Every structure is written in structure tokens, then in C-alpha cells.
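A.B. asks: Starting from these lines, generate the structure:
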Amino acid sequence: MNRIMNKFRKYITVLAVGLMLSCSQDFLDTVPDNITTLDDVFTNKGMTEQWLARIYNPLPDMWNQPYNQQWSGQSDEVDYAWTFPAINSGAMTPDNTNHNVWSGYYQAIRYAAIFLENVDMNKEIPAEPNGDKLIQQYKGEARFLRAYYYWLLMRQYGPVVLMGENSLPPDADFQIPRSTWDEGIDYVLSEMDLAYQDVPEKHLNPTNPQELDPAQTGRITKPIIQAIKSQVLLFHASPLVNGNTDYSNWTNPDGTKLINQNYDENKWKMAADAAKEVIDLGYYSLYRENHEDPFRAGFLSYRNLMFEGWRTEGIWLRTNSDMYGNWERHSSPRNSNGNAWNGIAVTQEMVDAFKMANGLEISNPSSGYSEEGFTEEGNQYYAPGTYEMYVGREPRFYVNITFNGAYCPVVPNPGWSNIVEYFYTGNSGKQGATRDYPSTGYTARKNIHPNNDYRDGRSFSRPAMNIRLGEIYLNYIEALNEYSPGHEDILYYLNEIRNRSGLPDYEGDLDQDTMRKVIHTERQIELMFEGHRYWDVRRWKVADQPEYHQGGQFYGMDIDKGEEISSTEFHQRTVAFTRAAWENRNYWYPVPQSEIDRNKQLVQNPGY
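C.D. replies: Model (predicted):
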């Protein structure tokens, strides 16, 4: 075995990485691009650190929509005008998936294992001040990332194959069955706990230890690990994998059941405790802005959360994101200066989820909601003549949704009206473009900077938040409601989220079932477009229920009608698009058929 490994070490090459981050000077942007041996890599300080950077490279960028991260467009949040995920048409098979990351994440897992095996070979790093500590930190980062990629695979594909601690030689036996879900979770959490011991609390500026080092933004810290454990444990406690008897026949070839059939309430307690630990760190706070008008304060706090809030609320940041080139321009209407692409369409189902400014659901007879007529008075959120459906809604509605009658979310075309017109003949309507129009008569608005100018190429860079405190609050109260309904913290942290966004305290029935629905809706609104809805609906195991439906008919306005902003014909609830009927097999992605063909011990997911 030593002879094989020595030969392997001598000749293994550094493979080119397909996914490259943008070319700033940050640590995470530099990856090796030359071909060399492992001995060369791990005896050279710079190349060793580049290898570690390579392990960071596959981390997903949620705002790289619609062509890469398509989770919003595979849920009930949005419909894309230019790309059509196979799951939506019912055409997804093991040979045909839109988001196959199986091999890419396993490659990253292998890179991490090679790093952990070889980093002690490096003598340059330990020779520096605090070099031994730095080596331990690097090991912790690699160990966490390996566990995290396993977690991303599990979230998407279900139970996965655990490859062990060491990278295997090319002639090893790769006929390895899946580990059970519980075994996978135990491994992921135990590896994260080990990594936690080796990474710092914060990455401080070496020349001024009172400040954070901006060049290290995004590198793993103890709070990041704690926050990710909150996500993992919440999923682990959820109905999809916590005693789901629908999977009683999902077994390995030897008959081992892959999903535990026994419900365990204590998993919810573990999830709640993990989230509370992050909250109790005291490092983070909900981003808030002050204004004499409470509604405006709520609007600015939630809108500018994406632009400035990362400083106080962001836990795991990504310094480089393709939000401008993809998300912002694809979501902005055509009356933007520079003619944006106007095609990330929000469903009517999402529009209906938002509350009124008084905090009541639109279904509440006392809410003041109306679908009759058009307002005579406009304000800074919409123009006179806007449909009553959009009047008097909560602040987050005006942050998340661009609707007919809203003002352009970015610098408008100076020769066009600043009012977004989604009716048929309008400046952003269907008649004016072959495909750059929203199928529902709404586009996404969140995380679009108001000073963007697409004609001049003016944009405003800022870190993306992979995970933020608002999510941790919601993780905490969801888990708490399942094992300790009525706990005072549920209402406290729910109202913290609501109040930040300009809503009054929640008033209503506090029984467990009611609160569960309230929390589900709060996650739907607060985290809209941030990469959670697809996973939430699945882990809750509710995708077949009408109010959560992920297939079938989706509604919007009638984009084939209307010649003015107050067009009655346009403002009609209409089936905007139809997806394949929901199938329970879509709770998980199928394992790529090429992997099934190579590994005869690897069973396919149910329904494929």
C-alpha cells in the first residue's frame, strides 16, 4: 500500500477547477492553475494555501440565478423566462438533471481529504510566527468544508456514501453502499465539532487586532460552524427524515433502512438549542434603520438589509457574488436604464402571502384588503391608478415585489416612464419583447440596488449573506414550537422579525398548529428568494398540500391584456404557467445514473 501511495503521490496532478470566482485579491479567489505534484504543492506555502482555497471554490452562490442556483425557480417562488428546470416539466431523470453537483462536491470532499493527509508536510508555514496554529486552523477549515459538502449532498440527494477519512487510491474498491441518514448526520456534526476546535472565533487584522481582517471574509469561524449546525439539525428534526414511514422500503442491498422510522421529538430540542447558542453569542443583531415614519423604517430596514445589513446581521458572508450580472439585471423591468431582462417572475401565490400593513393576513375580513378598483392616490411605493390589491400591504411586499404601478427599482430609462407597466402594451409588458417579460406580471425586487444603472454599468458590490441572524431566529422558534409549544421565546423572536420590518406584534391564537403555520409563512416572506423555500417545503413534507403546492397551476395577472395601468382586463387572476403535477419522488434529486452504473452498491432514490 505504501508503494501504491508513493506512486500516486508522485504523479497525481492538480486538476483545473471549472468554477472560478471573480478576480479580486481575496484569499478565496486564488486557486492553483499550474500542473505539479502533490509533493510540490504541500512543501510550498503559497501552493498549499491555494489548495485550501480550491476546497472553498464550489461553495454555492444563491444569487447566481437563473442559470446556476435555480432553487427559487424550482419552487413556488418564481418562474424563469429563459431556463426551464427539468423537475418543473416532469422530465427530470437520473440521466437529466439541471443541477447535478454530485461529482463536483465529491471532488471537493476528496480535495479536503488530500489536504488533511498532506498539509503537515509543509515546513514553511510552521516556520512563521504562529505557524503551527495556522496549520491547525487550515485543517479545521478543510475538515469543516468536507463535512459541509457532505451536508449539501444529503440535503439534495438524501443519504449518501461516506468515503472515510482518507483519500482512496485509484485502484481502491469503490463499491460502497450509502450510509444511513442518521449515520451521515452523526458524521457531519462530529466533523464540524472537531473543526470547531481548530478555527478562530474571528479573523482579526494582524496589524490591528481590534478590527476584523476584510481579506479573510468568508473563511470559516466558530460562529459559522454553529450557525450551519443550526441548519443541519433543523432539517434533521423535520418530518421528511424524522420518522418518515413512507421510506420504510428505501434500503441498501443488504436490507438496511436508510431513513429511521422512529420519530424523535428530542431532535427538535437539539435544533432549538443549536440556534439559541448562535443568538446568545451576542455578536450579531437584526439590522434596523430609524425613521420618523414606522412604515418607512420597516421598509428601509428590510430593503437595506441586503446592502448594509451584512455588517451586523451577516454570519457567513460571501465576498464575491454574481448578483449584479444575473439576479439584479434579470429581475429588473425593461424600463430600467439599459433595458434589463425583466424575466424572473414571482408567482401570485407569493404575492398573496404578504400581510397588510396592519399585520393581518389578506384573508382576514378586518385586514382592509381589496381586489376592487384602483387607488386615486399614489405614494413613494406606487403610482396613482395602481390596483387596490397592492395598496396598504406590509413593507416587505414593496421590497420583494415589483408589480404593475410600482416605480422602477433602479435608475430608469430617461426617455420612458418611471412607472413599471406590466400590462400587455406597457413599457415592460409582453408586447414589447419576445421573451423578456414576466409570465405572471410580477418580478422579484429584493436585493436590487436602487442606484444600479445598467446602461453605464454602474453597480454596487456588497457581500452576500450565506446565513444571517434573521434565519437563526426563525430556526429557533420553529424548533421550539415543535417540542415546547407556548414557550415565551417563540412570540418574542417572532415579533423581533415582524417589528424590524414595520409590523406590529403578532396577535392571535397561540396553539401549536396555528403557530406552525404562522412560522411557515414568516419564513416564506422573510427569507424570500434567499435560497430557503425549495428546501423548507420539502423538509416539512408538505409539497403535496394545496397551500404549499410545488406543481400544477400557478397564478399571476393576465399579461396578454391591458393598455393602461388601471386596466381591469390585466388585473385578473389567471393561470400563468403550469408545471408537472407534484410527485413524491421530487422530495430528492435522483442520483446521476453514471454513479449508479459505477457503484453497484449504490441504490437509486425512491421513484426513479
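
A.B. asks: only C-alpha atoms for contact and neighbour calcs from this point on.
C.D. replies: OK.

A.B. asks: Now the phi/psi pair for residue 466, please.
C.D. replies: Dihedral angles of residue 466 (phi, psi; degrees, to the nearest 10) stand at phi -70, psi -30.

A.B. asks: Repeat that for residue 554.
C.D. replies: Here is the backbone geometry of residue 554 (degrees, to the nearest 10): phi -130, psi 140.

A.B. asks: shouldn't it be in contact with residue 581?
C.D. replies: No. In this structure, residue 554 is not within contact of residue 581 by C-alpha atoms under 8 Å, at 11.3 Å.

A.B. asks: Between these two, which has more neighbouring residues?
C.D. replies: Neighbours were tallied for residue 554 and for residue 581 using other C-alpha atoms under 10 Å; the higher tally belongs to residue 554 (22 against 15).

A.B. asks: Tell me what the more buried one is bridged to.
C.D. replies: Residue 554 has these beta-bridge partners by DSSP bridges: residue 577.

A.B. asks: Contacts only, for it.
C.D. replies: Applying C-alpha atoms under 8 Å, 6 or more residues apart in numbering to residue 554 gives the contacts 76, 347-349, 575-579.

A.B. asks: Please repeat the previous calculation with a cut-off of 7 Å.
C.D. replies: Taking C-alpha atoms under 7 Å, 6 or more residues apart in numbering as the contact definition, residue 554 lies against 347, 575-578.

A.B. asks: if I look at it, how far off is residue 576?
C.D. replies: Noted for residue 554: a distance of 6 Å to residue 576, by C-alpha to C-alpha, to the nearest Å.

A.B. asks: cool, residue 419 as well?
C.D. replies: For residue 419, the distance to residue 576 - C-alpha to C-alpha - is 23 Å.

A.B. asks: Skip ahead from the helix or strand of the chain at the bottom of the mean pLDDT ranking and say which helix or strand is next.
C.D. replies: Lowest by mean pLDDT, DSSP states H and E among the helices and strands of the chain is helix 2-11, with a mean of 38. Next along the chain after helix 2-11, taking DSSP states H and E as the criterion, comes helix 38-43.

A.B. asks: May I have that next one exported as CSV, CA atoms only?
C.D. replies: Provided in CSV are the C-alpha atoms of helix 38-43 (Å, rounded to 0.1, in the frame of the first residue of the first chain):
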residue,chain,number,x,y,z
LEU,A,38,1.5,16.8,-4.5
ASP,A,39,5.0,17.0,-3.1
ASP,A,40,5.4,20.3,-4.7
VAL,A,41,2.0,21.6,-3.5
PHE,A,42,2.4,20.7,0.1
THR,A,43,6.0,21.8,0.6
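
A.B. asks: What residues sit buried inside that helix?
C.D. replies: 38, 41-43 (16 or more other C-alpha atoms under 10 Å).

A.B. asks: Run the chain-centre distance for it.
C.D. replies: Taking C-alpha atoms, centre = their mean, to the nearest Å, the mean C-alpha location of helix 38-43 is offset from the chain mean by 35 Å.

A.B. asks: Based on its surroundings, how many neighbours for the nearest residue to residue 593 once chain neighbours are set aside?
C.D. replies: Of all residues not flanking residue 593 in the chain, residue 94 sits nearest, at 4.9 Å (C-alpha to C-alpha, 6 or more residues apart in numbering). Per other C-alpha under 10 Å, the neighbour tally for residue 94 reads 18.

A.B. asks: for residue 513, same thing?
C.D. replies: 12.

A.B. asks: Can you check what pLDDT the model gives the residue nearest the centre of the chain?
C.D. replies: The residue lying closest to the centre of the chain (C-alpha atoms, centre = their mean) is residue 531, at 2.5 Å. In this model, residue 531 is scored at 96, pLDDT.

A.B. asks: again with the one 4 residues further on
C.D. replies: In this model, residue 535 is scored at 98, pLDDT.

A.B. asks: which helices and strands sit right next to the strand or helix carrying it?
C.D. replies: Following DSSP H and E, the helix or strand that holds residue 535 is helix 533-539. Applying 3 or more C-alpha pairs under 7 Å, 6 or more residues apart in numbering; DSSP states H and E, we find helix 533-539 packed against no helix or strand.
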